[in-house]
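**Q** no sequence for this one, just the structure:
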């Protein structure tokens, strides 16, 4: 495959069943990520070539994504909707837009846009096609369903100029791109940006670097790809595990690419061969990321 190649090292050795949603909290200097099926939030401090685990929060429910809130604690997409998690771990129930779903669903990946609105999507546990949605938590605390008929709502990102939004659906294995209205958060002019290479898995979580290139984890493909703004592959992180799930840039200079991974679904022989499955990885690809915004609005009712 054309382009630059990188090989990551193990950053934090606590294996997750389904590690996801890495987020660099610039204000605290911490990396935050989740173990979806364990209902666990992990917080670590980056120390050079590794991450030191500082704390874990046990939520007692599946958690797809978590972001800091400017007023304190975290806003999380968990179970069938949104919750607030205080610094001491206390949980406040918020909007539950998936609570009445006819199919058993849960919240999945999420991220804040440059204006500080929180976006997160859902999926059916049995991956029923079209059973998921994508939601936006606005700055006034209201929750809006922006897209429906999503299968596995996943990686989200915005171009450096804030005019373009990338939206992943791992079900069909595609990343779509939309015109993004910064003032309202509205999406328009959907078109296909990238489809996972045949036989190499499907795009999962993603991040956008300071040069406007997109880094997407290939679930089942054992790689993280770097795509240019036209969707062409220009680089690849060669993973020692088959199920990388997402990535983000972090560290003091935003030059470290952190990559989450999963063990779920792997057989005994695969787990022996992939002894790093579920662990956090990192590499230094020679480019910078961009600060990840926290949630800057009111909490949903």
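**A** Yep, it's here. Here the structure is a predicted model, which is why all the values come from computation and not from measurement. Numbers count the residues shown, from 1 in each chain.
**Q** residues contacting residue 120?
**A** The contact partners of residue 120, taken as CB atoms under 8 Å, 6 or more residues apart in numbering, are 64-65, 77, 82, 107-111, 134-135, 137, 153. Just so you know, the C-beta spots here come from the backbone N, C-alpha and C atoms, and that holds for glycine as well.
**Q** residues in contact with the helix or strand harbouring residue 216?
**A** Per DSSP states H and E: residue 216 is located in strand 214-219. The contact list for strand 214-219, computed with CB under 8 Å, 6+ apart, reads 155, 157, 166, 168, 170, 175, 193-194, 196-197, 200-209, 223-227, 229, 237, 243-247, 257, 259-260, 262.
**Q** quick one: the strands in the stretch 1-150 of the chain?
**A** 4-6, 9-12, 19-25, 30-35, 40-47, 50-58, 63-68, 74-78, 81-85, 91-93, 105-112, 118-124, 132-137, 143-150 (DSSP state E, counting those that start in this stretch).
**Q** partners of the longest one in the sheet?
**A** Strand partners for strand 50-58, identified by DSSP bridges, are recorded as strand 40-47 (antiparallel).
**Q** Based on its surroundings, how many neighbours for residue 14?
**A** By other CB atoms under 10 Å, the residues close to residue 14 number 15.
**Q** quick one: the closest residue to residue 125 other than its chain neighbours from residue 64, how far?
**A** Using CB to CB, 6 or more residues apart in numbering and skipping the chain neighbours, the partner closest in space to residue 125 is residue 104 (5.0 Å). Going from residue 104 to residue 64 by CB to CB, to the nearest Å gives 15 Å.
**Q** now residue 208
**A** As judged by CB to CB, residue 208 and residue 64 stand 20 Å apart.
**Q** which stretches of the stretch 201-301 of the chain form strands?
**A** Going by DSSP E, counting those that start in this stretch, the stretch 201-301 of the chain shows strands at 202-208, 214-219, 223-227, 233-238, 244-250, 256-261, 280-283.
**Q** List the contacts of the third one.
**A** If I follow you right, that is strand 223-227. 3-4, 194, 200-201, 209, 213-218, 233-239, 244, 247, 257, 259, 285.
**Q** In ChimeraX, how would I select just the buried ones from these?
**A** Those of the contacts of strand 223-227 that count as buried under 16 or more other CB atoms under 10 Å are selected in ChimeraX with:
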select :194,201,209,213,214,215,216,217,218,233,235,236,237,239,244,247,257,259,285
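**Q** Quick one: the strands of the stretch 1-150 of the chain as JSON lines, columns for distance to residue 266 and mean pLDDT too.
**A** Formatted as JSON lines, those follow (distance: least, CB to CB, whole Å; pLDDT from 0 to 100):
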{"stretch": "strand 4-6", "distance to residue 266": "23", "mean pLDDT": "95"}
{"stretch": "strand 9-12", "distance to residue 266": "17", "mean pLDDT": "94"}
{"stretch": "strand 19-25", "distance to residue 266": "13", "mean pLDDT": "97"}
{"stretch": "strand 30-35", "distance to residue 266": "15", "mean pLDDT": "97"}
{"stretch": "strand 40-47", "distance to residue 266": "19", "mean pLDDT": "94"}
{"stretch": "strand 50-58", "distance to residue 266": "22", "mean pLDDT": "94"}
{"stretch": "strand 63-68", "distance to residue 266": "20", "mean pLDDT": "98"}
{"stretch": "strand 74-78", "distance to residue 266": "24", "mean pLDDT": "97"}
{"stretch": "strand 81-85", "distance to residue 266": "29", "mean pLDDT": "97"}
{"stretch": "strand 91-93", "distance to residue 266": "31", "mean pLDDT": "95"}
{"stretch": "strand 105-112", "distance to residue 266": "20", "mean pLDDT": "98"}
{"stretch": "strand 118-124", "distance to residue 266": "20", "mean pLDDT": "98"}
{"stretch": "strand 132-137", "distance to residue 266": "24", "mean pLDDT": "98"}
{"stretch": "strand 143-150", "distance to residue 266": "26", "mean pLDDT": "98"}
